[in-house]
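Trainee: Build me a structure from this.
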Amino acid sequence: MSKQVFIINDPSTLKVSIGGAALGATTTVSATSKEVAFSVTGATNTVGLSSDFDNGECVFLEDFAYYAGRSQVATANLSSATGDIYVKVINTSIGTANLPMKTFSGTDAQIAAAITAAGGDFAAFTATASNNVVTVTAAVNSSFRLAASEGAVLTYTVPGKPSSGTSDDVLALEEMGLPYWGVTNKVGFPVVKPTSKVVAGNQYTIVVADFVTVANSKDGGNALKGEDIKLIFAIKESGNSTAISNLTTALGHLL
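Mentor: Take a look at the predicted model:
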């Protein structure tokens, strides 16, 4: 699958055409034709995009508004705990089978202080203590589970929710799209990465569109070939609401 990521801080760099009309600013999109063309300039270094798609070639379309994310919070009530008093934090952020875990022992205050100072695989977690209750909080986009002494009561009070459209999120998307621009190696022959178009502090709406384009195959006969294309637009939200709306409207004609 070809993955192409476009960071758009200025809506004038994104132009859309519907029904064969000349490429124009997204603020002028108003037709209902089943053919859409669009052009992006300045989205990644000096490389731009100009593509045409037809009705039915878009198989998925979704937009995700900026969201700062929500931190996960859980408590370990040690009031009725017996034996060795401890709280174990299991870092589930990476989602693999070998999850980092660490046990913190002592009084509730000592446990909370140790969790906050742990660093390393546990740098994303902080804790407080009050009346034998240890409250653990994860940074946004981090998650955990708890274990504790016999008799302790564990409560997951606030579920975490990932962020969307932060500058860090868009940087990760931009990195994912680099192979399309020829930046494919991690070691060896040096390839200069394009200058990032992500602006720190900007809030972006993410528009994701998946296409399967169909063309005649070189195999001859009536054979056809399909190409999977994923287009990801990260559009600065402030001042660009009309551009975002019209882009999704234009692409929606192709579903």
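Trainee: from here on, contacts and neighbour counts on C-alpha atoms
Mentor: Fine.
Trainee: Around A112, how many other residues sit close by?
Mentor: In terms of burial, A112 registers 24 neighbours under the definition other Cα atoms under 10 Å.
Trainee: same question, I115
Mentor: Here the count is done by other Cα under 10 Å, and I115 has 25 residues near it.
Trainee: pLDDT weak spots in this protein?
Mentor: Across the chain, residues meeting the criterion (pLDDT under 70) sit at 12, 14-55, 180-191, 215-225.
Trainee: Mind checking which residue lies nearest the centre of the chain?
Mentor: Taking Cα atoms, centre = their mean as the criterion, D169 is the residue nearest the geometric centre of the chain, at 4.9 Å.
Trainee: list the contacts for that residue?
Mentor: With contact set as Cα atoms under 8 Å, 6 or more residues apart in numbering, D169 has these partners: S163.
Trainee: mind checking how far it is from F233?
Mentor: Computed with Cα to Cα, to the nearest Å, the distance linking D169 and F233 is 12 Å.
Trainee: Put the alpha carbons of the helix or strand hosting the residue nearest to the centre of the chain into PDB.
Mentor: When elements are defined using DSSP states H and E, D169 is found to belong to helix 167-177. Extracted as PDB, the C-alpha positions of helix 167-177 are listed here (Å, rounded to 0.1, in the frame of the first residue of the first chain):
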ATOM      1  CA  SER A 167       2.000  18.100  16.800                       C
ATOM      2  CA  ASP A 168       3.600  14.900  18.200                       C
ATOM      3  CA  ASP A 169       0.800  12.800  16.600                       C
ATOM      4  CA  VAL A 170       1.300  14.400  13.200                       C
ATOM      5  CA  LEU A 171       5.100  14.100  13.400                       C
ATOM      6  CA  ALA A 172       4.600  10.300  13.800                       C
ATOM      7  CA  LEU A 173       2.300  10.300  10.800                       C
ATOM      8  CA  GLU A 174       4.800  12.300   8.800                       C
ATOM      9  CA  GLU A 175       7.500   9.800   9.700                       C
ATOM     10  CA  MET A 176       5.200   6.900   8.500                       C
ATOM     11  CA  GLY A 177       4.800   8.600   5.100                       C
END
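Trainee: That one: what's the following helix or strand?
Mentor: Counting by DSSP H and E, the next helix or strand C-terminal to helix 167-177 is strand 204-216.
Trainee: Just the C-alphas of that following strand, formatted as CSV.
Mentor: Output for strand 204-216, consisting of C-alpha atoms alone and laid out as CSV, is shown next (Å, rounded to 0.1, in the frame of the first residue of the first chain):
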residue,chain,number,x,y,z
TYR,A,204,-4.7,19.4,13.3
THR,A,205,-7.7,17.6,12.0
ILE,A,206,-6.7,14.3,10.4
VAL,A,207,-8.5,13.2,7.3
VAL,A,208,-7.8,9.6,6.2
ALA,A,209,-8.9,8.3,2.8
ASP,A,210,-8.2,4.8,1.4
PHE,A,211,-8.5,4.2,-2.3
VAL,A,212,-8.3,1.2,-4.6
THR,A,213,-7.6,2.4,-8.1
VAL,A,214,-8.3,0.1,-11.0
ALA,A,215,-6.4,0.1,-14.3
ASN,A,216,-5.7,-2.3,-17.2
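Trainee: just checking, what packs against the helix or strand following it?
Mentor: Helices and strands here follow DSSP H and E; after strand 204-216, the next one along the chain is strand 224-236. Identification of packing neighbours for strand 224-236 by 3 or more Cα pairs under 8 Å, 6 or more residues apart in numbering; DSSP states H and E yields strand 2-8, strand 204-216.
Trainee: Noted, bye for now.
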